[in-house]
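Engineer: Give me a model of this one.
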Amino acid sequence: MPRLTHFDEAGAARMVDVSDKPETDRIARAEAWVRMAPETLALIEEGRAKKGDVAGVARLAGIMGAKRTADLIPLCHPLPLSSVTLDVVPDRDLPGLRLTATARTTGRTGVEMEALTAASVAALTVYDMLKAADRAMEIGGLRVVLKDGGKSGRYEAQ
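Structural biologist: The predicted structure follows:
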C-alpha cells in the first residue's frame, strides 16, 4: 500500500511539502449525477424551474466552488487555476443531470480536489434549486475520471 502523504511519521496530519516538485501542466476531471423524478427533469428542460436556469447556476456554483477548494479542504494547497469548466447534461435514462467538471493548472500538485469540489458544489446547487419540487432527489457517482500531469502520471477511470 502506498504511503499516505498527508501524515507524518508520527501519524499527525500535515500539508505535503511540494516545494521540490517541478511545475507541470495538470488536468483533472470529475463527475457526479443528480437523480430526480422525470417531472423534475422536465422543469429544467422546459425552463420552468421557479429559481431560474438550473444548469447555468449550477455551472457557476461549481466553478466558484473549485476556486474555494483550499478554503474547504484543510490540507489542500491553494492553486492558481488556469481553467475550470462544468458540463451539465440532462439524462432521461437516469433520469436527472450528469455533471462533469474539468480543472486545469500549471503547478506542483494536482487539481483532483478542485474538480471534485466543482462537481459536488454543482450537484448541491441543483438540489437546492429544485428541492421545492422534488425532495427525493439523489446525488451520487462522485469520482475522478481523469487525472494527468505530475510524477504519478495519467489516470483514467474504467
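Engineer: For this structure, which segments are assigned as helices?
Structural biologist: For the chain, applying DSSP state H gives helices covering 38-45, 54-67, 69-72, 112-130.
Engineer: Any chance you could give me the first one in CSV, C-alpha atoms only?
Structural biologist: In other words, helix 38-45. Taking C-alpha atoms only, helix 38-45 is exported to CSV below (Å, rounded to 0.1, in the frame of the first residue of the first chain):
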residue,chain,number,x,y,z
PRO,A,38,-38.9,12.7,-14.6
GLU,A,39,-41.3,15.6,-13.9
THR,A,40,-38.4,17.5,-12.2
LEU,A,41,-36.1,16.9,-15.1
ALA,A,42,-38.9,18.3,-17.4
LEU,A,43,-38.9,21.5,-15.3
ILE,A,44,-35.2,22.0,-16.2
GLU,A,45,-35.6,21.1,-19.9
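Engineer: what about the chain, any weak spots by pLDDT?
Structural biologist: The model of the chain has pLDDT under 70 over residues 1-4.
Engineer: so where do the strands sit in it?
Structural biologist: 24-35, 81-91, 96-107, 138-148, 155-156 (DSSP state E).
Engineer: Need these in a markdown table (columns: mean neighbour count and distance to Lys50).
Structural biologist: For the C-beta atoms, the positions are set from N, CA and C on the backbone; glycine is no exception. Converted to a markdown table, the strands of the chain look like this (neighbours: other CB atoms under 10 Å; distance: least, CB to CB, whole Å):
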| stretch | mean neighbour count | distance to Lys50 |
| --- | --- | --- |
| strand 24-35 | 22 | 17 |
| strand 81-91 | 17 | 18 |
| strand 96-107 | 24 | 17 |
| strand 138-148 | 16 | 20 |
| strand 155-156 | 12 | 39 |
